[in-house]
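Participant: What follows is a predicted structure for the sequence shown.
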Amino acid sequence: ARLALRGVASVRGSSRRYEVNLGQQNFGTEGVQWELRVENLSARPVRYRLFTMSTEEGEEWLSFSRTSGTLQEQHETQVVTLHCATDKLEIYPTYVVVENLDNTDDLKTVLISMEMVVSRVTASNYYSVIVDGKAPQAVAT
């Protein structure tokens, strides 16, 4: 029993690693959604589940429309919508693991990455620079 993933880019040289780069997103917008399709390549039913593995400490910014499913027929496909929050500045790359519950050798990982940007107009609301120094002094010439 084997699964295929659609809507992701395969990592060169691997049949188990994929990636989705959502690019630069504006901080505080309504969020980003991405559709991942899970397809049954077998003639028998396949059960799967999804979970995340973060590479860094940080707040959760990624959720799914479903975390598991069963594909009954060959080439049956289920859509899993990834919901990516844009209300957090500390966004780290996160791995989504797609586990085939009926074939432990068919484990797939998808690296999801996104970069948050803040417009120049509102940047001062989120960032500040503190400089420790003294007032400039006159220098005799």
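Facilitator: Arrived safely, thanks for sending.

Participant: Okay, buried residues for stretch 101-117 please.
Facilitator: Neighbour counts using 16 or more other C-beta atoms under 10 Å place D102, D106, K108, T109, V110, L111, I112, M114, M116 of stretch 101-117 among the buried residues. (C-beta placed from N, C-alpha, C; glycine too.)

Participant: Skip the chain neighbours and tell me the closest residue to V32.
Facilitator: Spatial nearest neighbour of V32, excluding adjacent residues (C-beta to C-beta, 6 or more residues apart in numbering): C84 at 4.3 Å.

Participant: quick one: the helices in this structure?
Facilitator: For the chain, none of the segments meets the definition of helices by DSSP state H.

Participant: Of the buried residues of stretch 101-117, which belong to strands?
Facilitator: In this view, the buried residues of stretch 101-117 that belong to strands under DSSP state E are K108, T109, V110, L111, I112, M114, M116.

Participant: Lowest-confidence entry in those residues?
Facilitator: Among these, M116 has the lowest pLDDT, at 82.

Participant: which regions of the chain lie under the pLDDT threshold?
Facilitator: 55-59, 120-141 (pLDDT under 70).
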